[in-house]
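Student: Quick one: sequence and predicted model below, then my questions.
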Amino acid sequence: MLLVDQILFVPIILALYVTLRRVDESLVLLGTVGGLLGAVLLMVSREATLSLPALSDQYALAADDAQRATTLAAGQTLLATFNGTSFSIGYALVGLSGLLITSVMLRSSAFSKATASCGIATYALAVVPPTVGAAGVILSLVSLLPLVPFLLLLARRFFQLAADSRGAPRYA
């Protein structure tokens with residue numbers, strides 16, 4: 001699921017860059033590059049998602065204990081990668097980059113204060129990766145609460161901006 005989320009995040013962050021670059025280009029560029037780098041790190045860390053089922057099949061078909069031990073070691077390595085450094089750094093980087101972009105959004109006339117505030121709340125809670133323990137898990141789950149209205153408000157505003165640029169009627 002995180003893999004799909006990050007793939008969908010890429011066009012959103014690029015659209016935010018295009019929309020906000022005139023407000024504070026350096027901060028928005030820094031946030032965009034950091035967000036894209038964080039998304040790549042998160043995608044790379046999901047390698048285990050696609051590899052573990054194949055390893056599971058190999059383990060089930062193993063003819064002896066040595067083959068099972070080798071497959072088990074490979075699986076443990078993948079799990080370490082799954083929740084390892086690239087995941088933690090990518091998660092924190094996306095949170096920090098989101099804070100940069102939503103702070104610029106707050107100063108922009110292109111987005112409402114409600115949209116920017118929901119984004120700031122989301123990304124402030126998403127700076128601590130869930131891999132640091134119970135506090136990280138709780139913060140990551142709580143960050144989902146403002147994420148839903150943030151994405152809905154963002155989508156609505158992007159549709160409005162697209163309609164304005166074409167001269168079409170606005171979405172209410």
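Tutor: Received the coordinates, thanks.

Student: from here on, contacts and neighbour counts on C-alpha atoms
Tutor: Will do.

Student: need the next SSE after the helix or strand bottoming out on mean pLDDT in the chain, C-terminal direction.
Tutor: Lowest by mean pLDDT, DSSP states H and E among the helices and strands of the chain is helix 47-61, with a mean of 79. Note on helix 47-61: by DSSP states H and E, the next helix or strand toward the C-terminus is helix 65-82.

Student: okay, the angle between that next one and helix 47-61?
Tutor: Helix 65-82 and helix 47-61 are oriented at 170 degrees to each other (axes from the mean of the first three to the mean of the last three CA atoms, to 10 degrees).

Student: hang on, the earlier thing: return the list of helices and strands in contact with the least confident helix or strand of the chain.
Tutor: If you count contacts as 3 or more CA pairs under 8 Å, 6 or more residues apart in numbering; DSSP states H and E, helix 47-61 packs onto helix 65-82.

Student: what residues does stretch 106-125 touch?
Tutor: By CA atoms under 8 Å, 6 or more residues apart in numbering, the surrounding residues in contact with stretch 106-125 are 19-20, 23, 94-96, 98-99, 102-103, 105, 139-140, 142-147, 149-150, 153-154, 157.

Student: if we can go back for a sec, buried sites along the least confident helix or strand of the chain?
Tutor: 48, 52, 55, 58, 59 (16 or more other CA atoms under 10 Å).

Student: got it, and stretch 6-15?
Tutor: Within stretch 6-15, the residues that qualify as buried are 6, 12, 13, 14, counting by 16+ other CA under 10 Å.

Student: Could I get these in CSV, plus columns for distance to residue 118, pLDDT and secondary structure?
Tutor: Output for the buried residues of stretch 6-15, formatted as CSV (distance: CA to CA, whole Å; pLDDT from 0 to 100; DSSP: H, G, I helix; E, B strand; the rest coil):
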residue, distance to residue 118, pLDDT, secondary structure
6, 19, 85, helix
12, 15, 95, helix
13, 16, 95, helix
14, 19, 96, helix
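
Student: Need the max-distance pair from those.
Tutor: Greatest spacing in the buried residues of stretch 6-15, by CA to CA: 6 and 14 (12.6 Å).

Student: give me every residue that touches the nearest residue to residue 72 once chain neighbours are set aside.
Tutor: Nearest residue to residue 72, sequence neighbours excluded (CA to CA, 6 or more residues apart in numbering): residue 59, at 7.2 Å. Counting by CA under 8 Å, 6+ apart, residue 59 makes contact with 67, 68, 71, 72.

Student: what stretches of the protein score poorly on pLDDT?
Tutor: When residues are selected by pLDDT under 70, those of the chain lie in 1, 47-49, 81-83, 168-172.

Student: Please report how far the closest residue to residue 122 other than its chain neighbours lies from residue 92.
Tutor: Spatial nearest neighbour of residue 122, chain neighbours left out: residue 143 (4.8 Å); criterion: CA to CA, 6+ apart. For residue 143, the distance to residue 92 (CA to CA, to the nearest Å) stands at 13 Å.
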